[in-house]
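>>> pasted the sequence and its predicted model underneath.
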Amino acid sequence: MPIYEYGCRKCGREFEELVFSEANPKCPDCGSDDVEKLMSKCCHTGGSCESYGAESSGGGGCGCAGCSGGNCASCGH
């Protein structure tokens, strides 16, 4: 099941939701079902971390969203 990012049109909250069907989820803050699916950010898969504006986290990763656990192996660096 994919995880999607949503934005609530009523209160402005952005949240992630594990999706099991085509129905839109409800906002966890206000309960509104007037939400829109947002474009997710992609992780880069080449070049150096600095070329994408990410700084070294000191833990072996570059600090980008794809470097889970401080390891660039997960994002291709």
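Yep, it's here. Residues are numbered from 1 along each chain as shown.

>>> and the gap between Glu17 and Cys30?
15 Å (Cβ to Cβ, to the nearest Å). Yep, even glycine has a C-beta here, placed from its N, CA and C like the rest.

>>> give me the more crowded residue out of those two.
Glu17 (17 against 12; other Cβ atoms under 10 Å).

>>> for the more buried one, helix, strand, or coil?
When classified by DSSP: H, G, I helix; E, B strand; the rest coil, Glu17 comes out as strand.

>>> how near is it to Ser32?
Counting by Cβ to Cβ - Glu17 and Ser32 are separated by 13 Å.

>>> Ser40: which element?
Counting by DSSP states H and E, no helix or strand carries Ser40.

>>> per-residue pLDDT of Gly63, please?
Here the pLDDT value assigned to Gly63 is 53.

>>> count of neighbours near the closest residue in space to Glu5 that isn't next to it in sequence?
The shortest distance from Glu5 to any non-neighbouring residue, by Cβ to Cβ, 6 or more residues apart in numbering, is to Leu38 (4.3 Å). Neighbourhood size, Leu38 [other Cβ under 10 Å]: 13.

>>> quick one: Leu38 and Cys8 touch, right?
No: between Leu38 and Cys8 there is no contact under Cβ atoms under 8 Å: 10.5 Å.

>>> which neighbours do these two share?
By Cβ atoms under 8 Å, 6 or more residues apart in numbering, Leu38 and Cys8 have these common neighbours: Glu14.

>>> mind listing what the closest residue to Glu14 other than its chain neighbours touches?
Leaving aside its sequence neighbours, Glu14 sits nearest to Gly7 (Cβ to Cβ, 6+ apart; 5.0 Å). Going by Cβ under 8 Å, 6+ apart, Gly7 touches Arg13, Glu14, Val35, Glu36, Leu38.
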